[in-house]
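**Q** Pasting the sequence and the predicted coordinates here, then a few questions.
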Amino acid sequence: MRIYWVVIFLILLLSGCAGDSESRWNPFGWFGGRDDQAKGESAADVNPLLPRRTAINDRPTQSYEGVVIDNVLELKVEPTRSGAIILATGLAPRQGAYDVRLLAEDENAGLKNGVLSYRLFTLYPDGEASIGSSESRRVFVAHSVTSEALRNVRTIRVTAANNSLQRRVP
């Protein structure tokens, strides 16, 4: 009877080590366990703060299918320690705009002749929506830019469908 309890204790003890994949007490690693380096991931590519992708949390990435906002009403560039924050206010053509984004105008991050250019996009819910007052159609977005990205930038421009605004980088 005593050997029975010792065996149960050892099973529970070793099963508790299963969560630590680097432990030599882990029975799942005794016979050539998982090696991330063999899969082509280097130590620099793995961020320990992000969870590993598994079959449960692996969602397909969706492409952003936003629509250009009608007008840019206000543009501010606020300096920070790590670069700047671009604050833009836009006016949507109807109510219900959500997921507003500033996206670079071209593939090299929107930088051309010292001007960093962005377009103001948003998503709308399916179906019809009322137009409403201009206050109810306002959208706000903030976008962070690093000081490295701002190195050769003199002006930041945000473009909408009908107008654009630009500000000098402080």
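**A** That came through fine.
**Q** can we go C-alpha only for contacts and neighbour counts from here?
**A** Will do.
**Q** Past the helix or strand of the chain with the lowest mean pLDDT, which element shows up next along the chain?
**A** Ranked by mean pLDDT, DSSP states H and E, the weakest helix or strand in the chain is strand 111-112, scoring a mean of 71. Going down the chain from strand 111-112, the next helix or strand is strand 115-123, by DSSP states H and E.
**Q** Ala97 and Gly83, how far apart?
**A** 28 Å (C-alpha to C-alpha, to the nearest Å).
**Q** out of these two, which sits in the busier spot?
**A** Neighbour count, other C-alpha atoms under 10 Å: between Ala97 and Gly83, Ala97 has more, with 22 against 16.
**Q** excluding its backbone neighbours, what's nearest that one?
**A** Using C-alpha to C-alpha, 6 or more residues apart in numbering and skipping residues adjacent in sequence, the residue nearest Ala97 is Tyr124, 4.8 Å away.
**Q** That neighbour - how many residues pack around it?
**A** A total of 18 residues lie near Tyr124 under the criterion other C-alpha under 10 Å.
**Q** check contacts around it.
**A** Neighbour list for Tyr124: Gly96, Ala97, Tyr98 [criterion: C-alpha atoms under 8 Å, 6 or more residues apart in numbering].
**Q** So which of the residues you listed sit within strands?
**A** Tyr98 (DSSP state E).
**Q** and the contacts of Tyr124 as TSV, adding distance to Ser144?
**A** Putting the contacts of Tyr124 into TSV (distance: C-alpha to C-alpha, whole Å) gives the following:
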residue	distance to Ser144
Gly96	24
Ala97	21
Tyr98	19
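**Q** Closest one to Arg151 out of the contacts of Tyr124, please.
**A** Ranked by distance to Arg151 (C-alpha to C-alpha), those are led by Tyr98 at 31.3 Å.
**Q** Apart from its neighbours in sequence, what residue is nearest that closest one?
**A** Spatially, and ignoring its direct neighbours in sequence, Tyr98 is nearest to Leu123 (5.4 Å; C-alpha to C-alpha, 6+ apart).
**Q** close enough to count as contact, that neighbour and Ser63?
**A** No: using C-alpha atoms under 8 Å, Leu123 makes no contact with Ser63, being 12.0 Å away.
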